[in-house]
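In: Predicted model and sequence below, questions to follow.
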Amino acid sequence: MQASNAQSLPRLTLKNMHVMIDRKVHPIINMNIQDVLIGGMPDWMAVGQRVEFSFVITLKEWERSLPTYGVVIKNDAAGLDIRYTPPTPSWRNILMKLVTDEARAASGKA
């Protein structure tokens with residue numbers, strides 16, 4: 001997928017997911033199926049630099065770490081934007097399920 005197409009994909013935020021880099025937890029500011037914007041990262045990370053990390057999904061008393069890697073596409077005051085490789089072939093389905101479950105939980109509280 002071209003960079004311009006990925007930029008136009010909707011971004012989402014999931015309460016039950018964060019990123020782990022070098023054994024440190026970092027918040028996901030927003031993400032889509034190809035890009036993730038991560039907060040709390042050092043400003044010395046350069047565009048084009050490869051980054052290995054894990055998406056960590058936490059559901060009640062269950063936690064799952066999904067390792068992957070990507071390339072820095074932007075690093076500014078908003079955060080570190082990484083174009084990543086999906087950690088599993090079913091990544092799109094996992095994200096859709098998490099979004100759906102979170103929306104159901106939110107509507108149930110209202």
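Out: Perfect, I can see it now.
In: so which helix or strand takes in residue 19?
Out: In this assignment (DSSP states H and E), residue 19 forms part of strand 17-21.
In: Give me the mean pLDDT for the top helix by length along the chain.
Out: If you go by DSSP state H, the chain has its longest helix at helix 91-109. When pLDDT is averaged along helix 91-109, the result is 87.
In: Quick check: which ranges of the protein have low pLDDT?
Out: Residue ranges of the chain with pLDDT under 70: 1-8, 109-110.
In: the strands in this structure, which residues?
Out: 17-21, 24-31, 35-38, 50-59, 62-76, 79-84 (DSSP state E).
In: Could you list the buried residues of the fourth one?
Out: When burial is assessed from 16 or more other CB atoms under 10 Å, strand 50-59 yields the following buried residues: 51, 53-57. To be clear about C-beta, it is placed using only N, CA and C from the backbone, and glycine gets the same treatment.
In: Turn those into JSON lines, including distance to residue 100.
Out: Converted to JSON lines, those look like this (distance: CB to CB, whole Å):
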{"residue": "51", "distance to residue 100": "29"}
{"residue": "53", "distance to residue 100": "25"}
{"residue": "54", "distance to residue 100": "23"}
{"residue": "55", "distance to residue 100": "17"}
{"residue": "56", "distance to residue 100": "19"}
{"residue": "57", "distance to residue 100": "14"}
